[in-house]
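**Student:** Here you go, sequence then predicted model.
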Amino acid sequence: MTTAASRREFLRRAASLSIAGAATPWALNLAALGEAAAAGASDYKALVCVFLYGGNDYANTLVPYDNPSHTAYLSHRAAIALPRDSLQQTVLAPATPLADGRQYALAPGLAPLKPIFDGGQMSVLLNIGTLVQPTSKQAYANRSVPLPPKLFSHNDQQSVWQSSSPEGSTSGWGGRIGDLFAAGNGNSTFTCISAAGNAVYLSGHSAVQYQVTSNGSVPLAALAAPLFGSQACSDALRTLVTAPRTHLFEAEHARVMKRAIDADAQLSSALAGAPALTTPFPTGNGLAAQLSMVARLIAVRQALGAKRQVFFVSLGGFDNHDGMLTDHPGLLTTVGNALAAFHAATVELGVASNVTAFTASDFGRTLTTDGDGSDHGWGSMHFVLGGAVRGRSYVGTAPVIANNGPDDVGQGRLLPAIAVDQFAATLSSWFGVSDGEMPTVLPNIGNYSQRNLGFLG
């Protein structure tokens, strides 16, 4: 089948399934259609999105440390600021110091990430967020350029971060990357995998996310064990739900069910035969459990025939309007321990240079306080780590610490200096997306003269 015909066939099937998909989204989550043209790949690479739901507070994650900056930080959020003497062990020393003696420290809970930064395998993104095109403070005030829709709205900014469109978007840039590579994998079903439920980030035009739990695939319960204690009943059910049909909807349902059953069997077999990882993952840490499963899936990449994979994991609880000093440190400890363990696992597997993980969130938060918390913001600080990262570095320029200063639009809401599109384009290019394919993945990328931020080798 030609590429054009393949795409027409996919659109026909997608249209015919639109009603069924609304009623049974689980079917679409399992129906990884491998009809898109494949981008060739001879090696292995994986992207891992770590999404922090709720809008992570940037100022208590990457904390100003030099005396003038910490004094300014303290003056704007004295009630929730981290004391400077609590940051001595997590001060970052980049290979190229920031201008004017500016220094940052990781929040204490992120201390496990400091050795990764020091080892040159982690970079810090300074002031990144959703944009449509480069935007100045004056242009924002005058509304003279298009802005991301529904700024400061959780659901919409989560969607814009993941897909470039507000809530209701049907595809994300991770899934659109998957569109280009799915057919190059041995089983296209395992191209886009979420360990954190449904996320628009992993939905493509043809690639559809496959969802797993921290324990592996989700089998059809009636086939996982003998139905009513009878293997014959299970066999009969299998035949019933997978038998070829003439009716379009019935035939598609049977095809999806067969694919789901086959994928479960293949994945379960691969995981059962994989050697155990010796890297310890922290217990009682939901994010670590998800990342442990991602590491196990990467470990069985050859058994799955995978050359390119995009993963999604997440942690909620970051909407800290109050309780910043009681809740936020524990969340960051969860993140720090989970990411450090995952990076160590990629080193153990010998794929650290083939796997790039990065954090993301709805938005940053305000520098000024909202009681004993902070309010919805815009730009934020994020991390990217892996063996291919040109690490021990900052990407971007440190923003001025001020309310209504040159880098914010009020209350310390940072006006992003780095667009998610530029960040995503850098990741995509490393993954193998060509310049010509980039607008397919990131529809707004043509608005930026600098597409590659250079933090990946």
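**Tutor:** It's in.

**Student:** going forward, measure contacts between C-alpha atoms and count neighbours the same way
**Tutor:** Will do.

**Student:** Which stretches in the stretch 351-457 of the chain count as helices?
**Tutor:** For the stretch 351-457 of the chain, the helices defined by DSSP state H, counting those that start in this stretch occupy 420-431, 438-441.

**Student:** Which among those helices is found nearest to residue 253?
**Tutor:** Of all the helices of the stretch 351-457 of the chain, it is helix 438-441 that lies closest to residue 253, at 29.1 Å by CA to CA.

**Student:** So which residues of the stretch 351-457 of the chain form strands?
**Tutor:** Ranges of strands in the stretch 351-457 of the chain, per DSSP state E, counting those that start in this stretch, are 355-361, 365-369, 374-376, 380-385, 393-395, 418-419.

**Student:** Contacts for stretch 444-453, please.
**Tutor:** For stretch 444-453, the external contacting residues (CA atoms under 8 Å, 6 or more residues apart in numbering) are 132-134, 164, 395, 421-423, 425-426, 429, 438-439.

**Student:** circling back to that earlier point, right, and the helices of the stretch 351-457 of the chain - which one's nearest residue 251?
**Tutor:** Of all the helices of the stretch 351-457 of the chain, helix 438-441 sits nearest to residue 251, with 30.9 Å by CA to CA.

**Student:** mind listing what's buried in stretch 58-69?
**Tutor:** For stretch 58-69, the neighbour count (16 or more other CA atoms under 10 Å) marks 58, 59, 60, 61, 62, 63, 64, 65, 66, 69 as buried.

**Student:** right, and the first one touches residue 381 too?
**Tutor:** Yes - assessed by CA atoms under 8 Å, residue 58 is found in contact with residue 381 at 5.5 Å.

**Student:** any idea how far the residue nearest the centre of the chain is from residue 287?
**Tutor:** Using CA atoms, centre = their mean, the residue of the chain that lies closest to the mean C-alpha position is residue 49, 2.0 Å off. From residue 49 across to residue 287, the span is 12 Å (CA to CA, to the nearest Å).

**Student:** any common contacting residues for those two?
**Tutor:** With contacts taken as CA under 8 Å, 6+ apart, the residues that reach both residue 49 and residue 287 are 313, 314.

**Student:** follow-up on the earlier one: give the residues shared as contacts by residue 58 and residue 381.
**Tutor:** Jointly contacting residue 58 and residue 381 under the rule CA under 8 Å, 6+ apart are residue 364.

**Student:** quick one on the thing from earlier: I'd like to know which of the helices of the stretch 351-457 of the chain lies nearest to residue 347.
**Tutor:** Closest among the helices of the stretch 351-457 of the chain, using CA to CA: helix 420-431, at 18.7 Å.

**Student:** From the chain's centroid, how far away is that closest one?
**Tutor:** What separates the centre of helix 420-431 from the centre of its chain is 12 Å, taken as CA atoms, centre = their mean, to the nearest Å.

**Student:** again with stretch 155-162
**Tutor:** Distance of stretch 155-162 from its chain centroid, counting by CA atoms, centre = their mean, is 12 Å.

**Student:** ok, now stretch 261-268?
**Tutor:** Computed by CA atoms, centre = their mean, the chain-centroid distance of stretch 261-268 equals 25 Å.

**Student:** pLDDT of that stretch, averaged?
**Tutor:** Stretch 261-268 carries an average pLDDT of 87.

**Student:** same question, stretch 161-174
**Tutor:** Stretch 161-174 carries an average pLDDT of 96.

**Student:** Which parts of the stretch 101-250 of the chain are strands?
**Tutor:** According to DSSP E, counting those that start in this stretch, the strands that the stretch 101-250 of the chain contains are 104-106, 122-129, 192-194, 210-211.

**Student:** The longest one pairs with which strands, parallel or anti?
**Tutor:** Same thing as strand 122-129. Here strand 122-129 has these sheet partners by DSSP bridges: strand 380-385 (antiparallel), strand 393-395 (parallel), strand 418-419 (parallel).

**Student:** What of the shortest one?
**Tutor:** Partners of strand 210-211 in the sheet, by DSSP bridges, are strand 192-194 (parallel).

**Student:** ok, now how distant is residue 138 from residue 421?
**Tutor:** Look at residue 138 and residue 421: by CA to CA, they are 21 Å apart.

**Student:** Looking at these two, which is more packed in?
**Tutor:** residue 421 (30 against 12; other CA atoms under 10 Å).

**Student:** roughly how far apart are that one and residue 130?
**Tutor:** Using CA to CA, we find residue 421 at a distance of 8 Å from residue 130.

**Student:** what's the helix or strand where residue 268 lies packed up against?
**Tutor:** Using DSSP states H and E, residue 268 sits within helix 248-272. In this structure, helix 248-272 makes packing contacts with helix 25-30, helix 231-242, helix 301-304, judged by 3 or more CA pairs under 8 Å, 6 or more residues apart in numbering; DSSP states H and E.

**Student:** Output these as a markdown table; include the columns mean neighbour count, mean pLDDT and distance to residue 266.
**Tutor:** Shown next, in a markdown table, are the helices and strands packed on helix 248-272 (neighbours: other CA atoms under 10 Å; pLDDT from 0 to 100; distance: least, CA to CA, whole Å):
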| stretch | mean neighbour count | mean pLDDT | distance to residue 266 |
| --- | --- | --- | --- |
| helix 25-30 | 18 | 36 | 14 |
| helix 231-242 | 15 | 79 | 16 |
| helix 301-304 | 18 | 96 | 7 |
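
**Student:** Please name whichever of those helices is nearest to residue 183.
**Tutor:** Comparison of the helices and strands packed on helix 248-272 against residue 183 by CA to CA identifies helix 301-304 as nearest, at 13.0 Å.

**Student:** distance between that closest one and the chain's centre?
**Tutor:** Distance of helix 301-304 from its chain centroid, counting by CA atoms, centre = their mean, is 22 Å.

**Student:** related to what we said a few turns ago, need the helices of the stretch 351-457 of the chain in CSV (columns: mean pLDDT and distance to residue 117).
**Tutor:** Shown next, in CSV, are these (pLDDT from 0 to 100; distance: least, CA to CA, whole Å):
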stretch, mean pLDDT, distance to residue 117
helix 420-431, 98, 18
helix 438-441, 98, 29
